[in-house]
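**Q** just need the structure, nothing else, for what follows:
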Amino acid sequence: MRRAYLIELKPTNEQITKINQTIGVCRHVYNLYLSKNQELYESEGKFLSGYDFSKWLNNVYTKEYDQWIKGVSSKAVKQEIMNGDTAFKRFFKGLSGFPRYKKKKNQDVKCYFPKNNKTDWAVERHRVKVPTIGWVRLKEYGYIPKNGIVKSGTICKRAGRYFVSVLCELEERATKPTLNETGLGIDLGVKDFATRSDGIVHENINKTISVKRIEKRLKREQRSLSRKFENVKKRGETSATNKRANIDKNILRVQKLHARLANIRLEYVKSIVNDVVKTKPTFITVEDLNVKGMMKNKHLSKTIAKQCFYAFKTWLLTKCEEYGIELRQVDTFYPSSKLCSCCGQKKADLKLSDRVYTCECGNVMDRDLNASINLLQAKEYTILT
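**A** Below is the predicted model of the structure:
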């Protein structure tokens with residue numbers, strides 16, 4: 001069983017310089033690969049593969065230009081080239097858009113280090129060994145298991161902080177926990193994050209005072225940053241990239257607030273999933289939400305984006321596989337909110353503003369609770385685990 005672990009690093013100043021150099025070189029090589037392919041396609045109508053570009057880069061280009069490319073890990077550079085190769089192949093297959101250049105100002109940047117030798121990656125209680133960088137201290141001790149075999153790793157920089165994500169090979173559990181005979185239906189929403197068929201409701205954390213306070217600070221910092229850029233334009237400076245120190249500080253404050261909000265929402269989603277799987281139901285039924293279609297509603301798109309529905313489904317899928325719980329998924333067009341959970345009659349004129357479901361059979365209950373019970377009783381579904 002393979003599992004990834006993300007943990008914050010505590011690098012020295014020399015290691016920070018080395019990490020930043022590696023990230024910068026990887027970004028430069030990726031952009032160089034895109035521009036080289038564009039020029040080649042416009043002139044000759046050909047596409048240069050990642051392997052051919054790597055040979056050209058090492059044997060021709062770096063001997064005349066940009067020799068500083070060889071000052072960082074060759075494995076990280078090679079992997080970045082293959083990432084560009086994958087991006088072009090997905091574009092030609094129609095799976096994604098045309099590859100875009102990587103900007104230096106992006107706050108979430110990273111570099112990948114594969115493991116080709118046994119000594120490339122190593123993990124101890126309080127430190128991790130990274131290829132070409134050496135031993136780097138961890139901020140949390142004992143988080144990565146010692147018995148795990150590291151297959152690869154990625155170092156990323158987020159809002160001025162450095163993290164390492166390592167992929168480990170672990171032994172599977174010999175015995176899985178005993179499950180109950182009951183199932184569970186979960187209805188996701190905007191008013192409340194999740195409503196379970198057993199009556200437990202998980203509130204929307206974005207409506208809490210603590211999150212609203214951070215969002216208010218974020219708006220204030222964004223307005224301050226916008227005014228600084230407007231003043232740069234009024235002074236007639238040639239380029240906005242020639243920023244002053246105060247602008248860099250303001251950008252970092254905005255990035256930290258974005259990262260804090262993202263961490264709060266993600267940890268809340270994980271805590272809900274942990275509470276769900278600890279009840280040990282035989283199966284869990286969820287709905288296949290059309291999030292992309294829901295995002296087209298300009299009144300709800302921002303609220304839906306904050307809910308992290310995809311992160312919930314991904315984490316729930318992982319935990320169900322670990323506990324041996326069957327995860328069921330009903331179709332997007334399954335009318336879970338319009339069906340009566342008692343008699344099965346469909347109420348076609350149900351509006352989004354109707355928060356209480358009332359049926360002719362006498363059933364009166366919250367619409368989200370009614371939907372979760374219908375998900376529990378669903379007969380047509382797809383098994384994900």
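
**Q** do a quick rundown of the strands in the stretch 51-200 of the chain.
**A** 108-114, 122-123, 127-130, 134-138, 149-158, 161-169, 184-188, 192-196 (DSSP state E, counting those that start in this stretch).

**Q** how about the lowest-mean-pLDDT helix or strand in the chain: buried residues?
**A** In the chain, the helix or strand scored least confidently by mean pLDDT, DSSP states H and E is strand 108-114, which has a mean of 78. For strand 108-114, the neighbour count (16 or more other Cβ atoms under 10 Å) marks 109-114 as buried. No exception for glycine: its C-beta is placed from N, CA and C like everyone else's.

**Q** check which helix or strand covers Lys313.
**A** Element membership for Lys313, per DSSP states H and E: helix 309-323.

**Q** turn the buried residues of strand 108-114 into a markdown table, including distance to Asn31.
**A** Shown next, in a markdown table, are those (distance: Cβ to Cβ, whole Å):
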| residue | distance to Asn31 |
| --- | --- |
| Val109 | 13 |
| Lys110 | 15 |
| Cys111 | 14 |
| Tyr112 | 16 |
| Phe113 | 20 |
| Pro114 | 21 |
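
**Q** with respect to Ile186, which of those residues is nearest?
**A** Lys110 (32.5 Å; Cβ to Cβ).

**Q** contacting residues for the nearest residue to that closest one once chain neighbours are set aside?
**A** Using Cβ to Cβ, 6 or more residues apart in numbering and skipping the chain neighbours, the partner closest in space to Lys110 is Cys156 (3.5 Å). Cys156 is in contact with 108-111, 162-165, counting by Cβ atoms under 8 Å, 6 or more residues apart in numbering.

**Q** helices or strands next to the helix holding Lys313 in the packing?
**A** Applying 3 or more Cβ pairs under 8 Å, 6 or more residues apart in numbering; DSSP states H and E, one finds that helix 309-323 contacts helix 245-278, strand 283-287, strand 326-330.

**Q** please identify the most buried of the ones you listed.
**A** Most buried of these, by mean neighbour count (mean count of other Cβ atoms under 10 Å): strand 283-287, with a mean of 24.

**Q** next helix or strand past that one?
**A** Scanning forward in sequence from strand 283-287 by DSSP H and E, the next helix or strand is helix 291-294.

**Q** quick check, distance from the helix holding Lys313 to the centre of its chain.
**A** Taking Cα atoms, centre = their mean, to the nearest Å, the mean C-alpha location of helix 309-323 is offset from the chain mean by 13 Å.

**Q** what angle do that helix and helix 245-278 make?
**A** In terms of direction (axes from the mean of the first three to the mean of the last three Cα atoms, to 10 degrees), helix 309-323 departs from helix 245-278 by 40 degrees.

**Q** and the contacts of the least confident helix or strand of the chain?
**A** By Cβ under 8 Å, 6+ apart, the list of residues contacting strand 108-114 from outside reads 19, 22-23, 26-27, 73, 75-76, 79-80, 83, 102, 120-121, 130-131, 152-158.

**Q** which of those residues are buried?
**A** By 16+ other Cβ under 10 Å, these give 19, 22-23, 26-27, 73, 75-76, 79-80, 83, 102, 120-121, 130-131, 152-158 as buried.

**Q** tell me the confidence at Lys105?
**A** Predicted confidence (pLDDT) at Lys105: the value is 73.

**Q** and what of the one 10 residues further on?
**A** Here, the pLDDT recorded for Lys115 equals 76.

**Q** also the one 4 residues further on?
**A** Thr119 carries a pLDDT score of 76 in this model.

**Q** check the gap between it and Arg127 for me.
**A** Thr119 sits 15 Å away from Arg127, taking Cβ to Cβ, to the nearest Å as the criterion.

**Q** compare the two (neighbour count), which wins?
**A** A count of neighbours by other Cβ atoms under 10 Å puts Arg127 above the other of Thr119 and Arg127, at 16 against 9.

**Q** that one reaches Leu138, doesn't it?
**A** Yes - between Arg127 and Leu138 there is a contact under Cβ atoms under 8 Å: 6.0 Å.

**Q** if I look at the residue most central in space within the chain, how far off is Lys105?
**A** Per Cα atoms, centre = their mean, the C-alpha nearest to the average position across the chain is that of Ala311, at 7.1 Å. Separation of Ala311 from Lys105 (Cβ to Cβ): 25 Å.

**Q** kindly report the same for Tyr65.
**A** Tyr65 sits 24 Å away from Lys105, going by Cβ to Cβ.

**Q** Gly293 now?
**A** Distance, Gly293 to Lys105, using Cβ to Cβ: 32 Å.

**Q** and for Ala87?
**A** 20 Å.

**Q** comparing those two, which shows the higher neighbour count?
**A** More crowded of Ala87 and Lys105, by other Cβ under 10 Å: Ala87, with 18 against 8.

**Q** residue ranges of each domain in the protein, please.
**A** Annotated domains of the chain cover 2-169, 184-201+280-383, 206-267 [automatic domain parsing].

**Q** in JSON lines: the strands of the stretch 51-200 of the chain, plus distance to Ile69.
**A** Formatted as JSON lines, those follow (distance: least, Cβ to Cβ, whole Å):
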{"stretch": "strand 108-114", "distance to Ile69": "13"}
{"stretch": "strand 122-123", "distance to Ile69": "26"}
{"stretch": "strand 127-130", "distance to Ile69": "19"}
{"stretch": "strand 134-138", "distance to Ile69": "20"}
{"stretch": "strand 149-158", "distance to Ile69": "18"}
{"stretch": "strand 161-169", "distance to Ile69": "22"}
{"stretch": "strand 184-188", "distance to Ile69": "47"}
{"stretch": "strand 192-196", "distance to Ile69": "47"}
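
**Q** out of those strands, which is closest to Ala4?
**A** strand 161-169 (5.1 Å).

**Q** counting contacts, what elements does that closest one pack onto?
**A** If you count contacts as 3+ Cβ pairs under 8 Å, 6+ apart, strand 161-169 packs onto strand 2-10, strand 127-130, strand 149-158.

**Q** using JSON lines, lay out the ones you listed together with distance to Arg220 and mean pLDDT.
**A** Shown next, in JSON lines, are the helices and strands packed on strand 161-169 (distance: least, Cβ to Cβ, whole Å; pLDDT from 0 to 100):
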{"stretch": "strand 2-10", "distance to Arg220": "27", "mean pLDDT": "89"}
{"stretch": "strand 127-130", "distance to Arg220": "37", "mean pLDDT": "89"}
{"stretch": "strand 149-158", "distance to Arg220": "21", "mean pLDDT": "88"}
